[in-house]
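Enquirer: I'll drop the sequence and a predicted model, then ask my questions.
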Amino acid sequence: MRHGGGGARESVFIHENQCVFFCINFTELGPVIKDSEIDRKGIDSVIPVQDATFSVVDVETTGSTAYQDKIIEFAAFKVRKGKIVDQYSTLVNPGRHIPAFIQNMTGISGEMTYGAPDFGRIAGDVSKFLDGTVFTAHNSQFDYGFVKNEMKNVGMDFDMPQLCTRKLSSRMFPDLPRKALDHVCRHLGISISGRHRAYGDARATAHLLIELLELISERHEIVDLDELLRFQNVPRRIDPHRNQNVFKKAMMTVSNSPGLYKVFGSAGDIIYVGKAKNLKMRMASYLTENGRDSDKVHRMLSKATKVEWEEATSELHALLRELQLIRQLRPDFNSMLVHPRRFPFIRLDSGRKFDHLDLVYELEDDGRYYGPFDSSYAAEQILYAADRYFKLVKCNEDFVKPFDPCLYFYIDRCSAPCAGNADAEEYGREVEAVEEFLCGSFERVTFELRGKLDELTKRLEFEDAAEIRDMMLALHAASLRMKLLNGPIGKANFVCGWFSEKKFELYRVNKGMVTGPVVAPPGGIESGITDLFRRTDVIAKDFVPLRILLNFALGHSAGFFKVATQSDGPDRDLADNIKDASLRCLPAGTR
């Protein structure tokens, strides 16, 4: 039993002699694009990316030529709103010999495909699964070509819009030496279980797509699906008739400091707000053609008539100030940050008889929430580890009457309190252990994983060992973020910041809301703290600023400090604690 994204369960059944392999086709957890909304050759521009459904496909084949070779394994995962909502996988009988080098690479033999259906028997199911979605793959021409040719051979038309994660990776990571699936996934911390098998590669590509869509939405302001499909290909060149004097003039006066800049249109309205580590360098970048700019950036540049700028105290301040201005001014070309993006949280739900864990995007007063996580993939890794190594209930029952123990009890994954197998005190101790885990204390889980890793390595089961290793790396990365909060978000009360260039930059987090910054010299830290606690304005009334702050802290640890506080006012020794914490965080030789 493997855990799928979005709360779905994926079941894989393997015959004892490894001759038959198939997955159950799951009930879809969300609507797909209707035929009236999507042209098979293109997408109506009114469809937002967040409302589109992507079918992420991978095929294993007898060779590399679509018109003469055959599919031996097909897998597809549906992705919608940042989650995997459905999946389908099957071996395919090619009706011919599988070359030895293909058997060695994939592990798929003729014996395994002998009892599998030929493509003609699954063509209807494949067509139904893919209908109304965007065909997505890593090197989509290869997979699309094979599926299209197999459909043609059984007399079925096949014409779908394509999205290639390899092309998207090239656009987003131009400096990455190789864009192969394993290299890009490694770059983003995505593990691949079952490399060169359609199921494993398709699942990894689905998680890669989720990460890429999040990055593209943040960096390139792409909202519509048709623009995303154009973005993957060679971009249009910048309009040569745009008024470059706007940015040349800004270059004359702008500083090398971090800050914000506002771009004005012909009507005198602000059409874009941007941030920069170095304002002068950012203005200079607009004077040259940039092949990686999106269509939306091209249109913004062609409409620019004036640029104004303001300095920020730091790069982080620029990030947070940008969010504030965009929410306030709602510029036409900043549409992605106007509406707060939803981030995943893990909820320890106390609303039912027995506390349990789930993945949510909305916060209510029904439990303790841990996060926010940058992506659903990161949250799912934590949730999977918690489900696997702690014995909280996994069911969605209300437990108003006694139950017989379910499968999870017999595989030692649940203590079955619903059946009276664990009393309230025993179950409470397990809940406390889960809370410690969600605060970043991963010792219990990593101890078990390390033992399993050693065991697999001794048995020379390196593929399974690599999966355990990748999970340990993912948990380590997540633990750093979770230890920063050290509790549910509703109890996140601390002062943090950076000490550099002989000044303190202070931020206050109160129940997950961020206030600041206040800048103070070492001799004025007490008054700076007083000013910080007097401020009642928060940067935004959601958790986006906290997520920005956490990400920045993880990437800029030199000089970073964090001190827990009371929620109602500064502690008596807060100033001394901040000074001590900031000195401990500075690199050796700079204190």
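Expert: Now that the structure is in, tell me what you want to look at.

Enquirer: List the buried residues of the strand or helix carrying residue 525.
Expert: Element membership for residue 525, per DSSP states H and E: helix 525-534. Going by neighbour count (16 or more other Cβ atoms under 10 Å), the buried part of helix 525-534 is 525, 528-530, 532-533. The C-beta positions use only the backbone N, C-alpha and C, and glycine is treated the same way.

Enquirer: How far does it sit from its chain's centre?
Expert: How far helix 525-534 lies from its chain's middle: 36 Å, per Cα atoms, centre = their mean, to the nearest Å.

Enquirer: Heading C-terminal from that helix, find the next helix or strand.
Expert: Downstream of helix 525-534, the first helix or strand assigned by DSSP H and E is helix 544-555.

Enquirer: Just the CA trace of that following helix, in CSV.
Expert: The C-alpha trace of helix 544-555 is given here as CSV (Å, rounded to 0.1, in the frame of the first residue of the first chain):
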residue,chain,number,x,y,z
VAL,A,544,2.5,34.6,3.4
PRO,A,545,4.8,37.0,5.3
LEU,A,546,5.7,34.2,7.8
ARG,A,547,6.5,31.8,4.9
ILE,A,548,8.7,34.5,3.3
LEU,A,549,10.5,35.1,6.6
LEU,A,550,11.1,31.4,7.3
ASN,A,551,12.4,30.8,3.8
PHE,A,552,14.7,33.7,4.0
ALA,A,553,16.0,32.6,7.5
LEU,A,554,16.8,29.1,6.1
GLY,A,555,18.7,30.6,3.3
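
Enquirer: residues making contact with that helix?
Expert: Outside helix 544-555, the residues that touch it by Cβ atoms under 8 Å, 6 or more residues apart in numbering are 315-316, 319-320, 323, 340-341, 343, 372, 374, 480-481, 484-485, 489, 492, 496, 507, 509, 512-514, 538-539, 560, 562.

Enquirer: That helix: how far from the chain's middle?
Expert: Relative to its chain's centre, helix 544-555 lies at 15 Å (Cα atoms, centre = their mean).

Enquirer: Buried ones in it, by neighbour count?
Expert: The neighbour-count criterion (16+ other Cβ under 10 Å) identifies 544-550, 552-553 as the buried residues of helix 544-555.

Enquirer: any chance of those in JSON lines, with pLDDT and distance to residue 127 too?
Expert: Output for the buried residues of helix 544-555, formatted as JSON lines (pLDDT from 0 to 100; distance: Cβ to Cβ, whole Å):
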{"residue": "544", "pLDDT": "84", "distance to residue 127": "40"}
{"residue": "545", "pLDDT": "89", "distance to residue 127": "46"}
{"residue": "546", "pLDDT": "88", "distance to residue 127": "45"}
{"residue": "547", "pLDDT": "84", "distance to residue 127": "40"}
{"residue": "548", "pLDDT": "87", "distance to residue 127": "43"}
{"residue": "549", "pLDDT": "90", "distance to residue 127": "47"}
{"residue": "550", "pLDDT": "86", "distance to residue 127": "44"}
{"residue": "552", "pLDDT": "86", "distance to residue 127": "47"}
{"residue": "553", "pLDDT": "85", "distance to residue 127": "48"}
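
Enquirer: quick one on the thing from earlier: in helices, which of the contacts of helix 544-555 fall?
Expert: Among those, the ones falling in helices (DSSP state H) are 315-316, 319-320, 323, 480-481, 484-485.

Enquirer: and the residues you listed, which are buried?
Expert: The neighbour count (16+ other Cβ under 10 Å) marks 315-316, 319-320, 323, 481, 484-485 as buried among those.

Enquirer: Which of those scores worst on pLDDT?
Expert: pLDDT across these is lowest for residue 481, at 78.

Enquirer: need the helices for the stretch 201-350 of the chain, in chain order.
Expert: Along the stretch 201-350 of the chain, the stretches classed as helices by DSSP state H, counting those that start in this stretch are 225-231, 245-253, 279-285, 295-303, 315-329, 335-338.

Enquirer: Tabulate those helices in JSON lines, adding columns for distance to residue 185.
Expert: Output for the helices of the stretch 201-350 of the chain, formatted as JSON lines (distance: least, Cβ to Cβ, whole Å):
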{"stretch": "helix 225-231", "distance to residue 185": "20"}
{"stretch": "helix 245-253", "distance to residue 185": "38"}
{"stretch": "helix 279-285", "distance to residue 185": "30"}
{"stretch": "helix 295-303", "distance to residue 185": "28"}
{"stretch": "helix 315-329", "distance to residue 185": "27"}
{"stretch": "helix 335-338", "distance to residue 185": "25"}
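
Enquirer: Do a quick rundown of the helices in the stretch 351-500 of the chain.
Expert: 376-389, 407-410, 424-438, 443-458, 462-485.

Enquirer: Mind pulling the model confidence for the nearest residue to residue 406 once chain neighbours are set aside?
Expert: Excluding its sequence neighbours, the residue lying closest to residue 406 (Cβ to Cβ, 6 or more residues apart in numbering) is residue 395, at 6.5 Å. At residue 395, the pLDDT value in this model is 73.
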